[in-house]
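Student: pasting a predicted model and its sequence here:
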Amino acid sequence: MCGKPTIIACAILMIVSFAVPSRGQMFTPMPVPISAPQGSSCTVFAPIYLTSGTSWTNNTGCAQITVEVIGAGGSGAANVATGTIAIATGGGGGGFSETFNVTVTPGGIYGVHVGTGGAAVVTGSNGNGNPGGDTYFCSSTSGCGSLGDTSIVVGAQGGGGGIQSGSSGVTVPGGMGGAATSGIGDLKLSGGSGGSAITTNGYLGTGGGGAAGPFGGGHPGVAASGVFGRTNGGQGDGLSGGAGGGGGTSGSNGGNGTEIDGSLYGSGGGGGGAETTGTTSAGSGGTYGAGGGGVVSAMGGTLTSGAGRDGLIIIKPYTPPCSGSGTRIFLTTTGAGTWTNTTGCTHFQVEMISAGGAGSGPSGGGGYSALIAQTISISSSVGYSIAAGGSSSNGVYTWWCNSTSNCASESGTAVVLRAQGGLSGGAGGASSNGIGDTLYSGGVGGCSAGGGGGAAGPFGNGGNCSATASSGYGAGGGGGGGGNGGTPPGSGVGGTGGNNHLGTGGGAGGTAGNPGSPGSAGGGGGGSSSGAHGGGAGGNGTEWDATHGSGGGGGGGSFSLNLTGNGGCYGGGPGYFNTGGGTACQGIIVITPIS
């Protein structure tokens, strides 16, 4: 099998860091690797799995290898109640990192470190969970003592320990998942955090986070609230790793990952949380790298929290990029369709923006969703659907499937990626209604002076309109993904459109005798001045290339004329005022062949 995303350089530049709900990821842009001569005795070897040890000797005969690592999971917290509140959250799952082309010498010796899972907390009172260790592979045996050392060529952070608390009305976080931003490598993914918890009178034990893996970030443990709660752990490796363990009066262990080799190796699911009266235990994380569950007792006993699981190192043959790698494919024909893989590659990053909202009310921007890595066999086909936008678009979904069957609606069982469109009531397409590894929400449109919401994009949420007192002038539209909101209108001038993620592109507000200026490069349109002058259109996005990206929101109209700016492509919401609005831009799907 080819390595996962063979780094294609700036082709994957748009993904910088994903701090979205504990499933973040990070690509480090770099040149396409040039194949150096392999050792004369180099042959294709079976993947090598390291679960312990401090060094590895290169007996493959090869001078280039691919290395993947999974950090260890943290253990859950434990808490025996001494009052009416007891919380113990689950531990975080380990992160994942991969370096596609590691130069080695046949016969050379290289330092390694496999993170140890956080030890379970055994107590008759309370205690925070223990963190999982970092996992890394070094270019030598020196300078290889911790994740920040200079000889490390690939490294993944371990998950944090769960937290115990007796505080009322305060959200207690789970142990943090191993962060992509702390990893080292070409592809970096975050582990899932343990489930958070909040109560004013109750006993809550939450599940641990799943470990990240080559197909996606780890899912967080399920959050808990109310009086009694014991929640499930999060799945590992996007949609591919071990399942989260079930919560209960004693928690179940998380499932072991098998997705890497089909039997023994993969990213584990988080252990289930536990809550009862007396002695009990939470579920441990699954192998490899998952976090353990938190455990609570309302009435004494000895508690054992879920242990975190050890990390893993995987050494594989280096495979040069496939012929189609790095060349983006844009799907823009709206409605249902079928895409057939004729690229020569089998691993893909897939991103989408859904349509902006439009109709008889304020208009939000479309949401953004991304799959970090999907396997699609050569010549096989998958189904999809792209939301149309237009003048009457209300929360319409764009989706992508792993087959052509069971793909007729956004809730089909084959749907693996989904983004919600903006709503005509003003809300942006919500990340909570999306499916994928990375999820961002569209910007809010409307407010009181009609600026449209910007679409979400690969750099973040869409920009909002600006709330303002009624003035007879239009507000600026929100900027595209990662941009800021439009400004309210001033005295005698419309609001300025929000800028894009680079801080530019917002259209100027209209003055007497002039309409609002259109946005550019995903910036929001400027709001209208009074009189028969319209708001400026939102700018078309340019994150992926000169004509494709997340669109800005259209500028709002004025009291005297419902003439508003259209939403920018893709996914921008139009401006609105009083009884009418402009046209929303449609959705888009972007396919990037990786390896």
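Tutor: Cool, got the structure.
Student: quick test: name the residue nearest the centre of the chain.
Tutor: For the chain, Thr438 is the residue whose C-alpha lies nearest the centre (Cα atoms, centre = their mean; 2.4 Å).
Student: what number of residues lie near the nearest residue to it once chain neighbours are set aside?
Tutor: Distance criterion Cβ to Cβ, 6 or more residues apart in numbering; nearest residue to Thr438, sequence neighbours excluded, is Ala370 at 4.2 Å. All C-beta spots, glycine's among them, are computed from the backbone N, C-alpha and C. Look at Ala370: counted by other Cβ atoms under 10 Å, it has 27 neighbours.
Student: got it, and Thr249?
Tutor: As a measure of burial, Thr249 has 13 neighbours, counting by other Cβ under 10 Å.
Student: likewise the one 3 residues further on?
Tutor: Applying other Cβ under 10 Å, we find 24 residues neighbouring Ser252.
Student: next SSE after the lowest-mean-pLDDT helix or strand in the chain?
Tutor: Within the chain, judged by mean pLDDT, DSSP states H and E, the helix or strand with the poorest mean is strand 25-27; its value is a mean of 38. Later in the chain than strand 25-27, the nearest helix or strand by DSSP states H and E is strand 48-50.
Student: wasn't Ala119 part of a helix?
Tutor: No - with DSSP: H, G, I helix; E, B strand; the rest coil as the criterion, Ala119 is coil rather than part of a helix.
Student: how about Gly178, what does it touch?
Tutor: Taking Cβ atoms under 8 Å, 6 or more residues apart in numbering as the definition of contact, the neighbours of Gly178 are 71, 92-96, 132, 134, 156-159, 190-191, 212, 289.
Student: what do you get for Gly575?
Tutor: Gly575 makes contacts with 363, 445, 450-452, 474-475, 477, 525, 527-528, 535, 553-557, 564-566, 581-582, as judged by Cβ under 8 Å, 6+ apart.
Student: can you rerun that using 7 Å?
Tutor: For Gly575, the residues meeting the contact criterion (Cβ atoms under 7 Å, 6 or more residues apart in numbering) are 450-452, 474, 477, 525, 535, 553-557, 564-565, 581-582.
Student: ok, so what distance separates Gly294 from Gly367?
Tutor: Using Cβ to Cβ, to the nearest Å, one gets 32 Å for the distance from Gly294 to Gly367.
Student: comparing those two, which residue is more hemmed in?
Tutor: Between Gly294 and Gly367, Gly294 has the larger neighbour count (other Cβ under 10 Å), namely 48 against 38.
Student: thought that one was touching Ala86?
Tutor: No - applying Cβ atoms under 7 Å as the test, Gly294 and Ala86 come out as separate, 10.1 Å apart.
Student: from the contacts of Gly575, which one has the minimum pLDDT?
Tutor: When it comes to pLDDT, Gly474 is the least confident member of the contacts of Gly575, at 61.
Student: and the residue nearest to the centre of the chain, how far from Gly460?
Tutor: Counting by Cβ to Cβ, the gap from Thr438 to Gly460 is 10 Å.
Student: before we move on, what about Gly285?
Tutor: Going from Gly285 to Gly460 by Cβ to Cβ gives 30 Å.
Student: who has more neighbours out of those two?
Tutor: More neighbours surround Gly285 than the other of Gly285 and Gly460, with 51 against 20 (other Cβ under 10 Å).
Student: cool, thanks, signing off.
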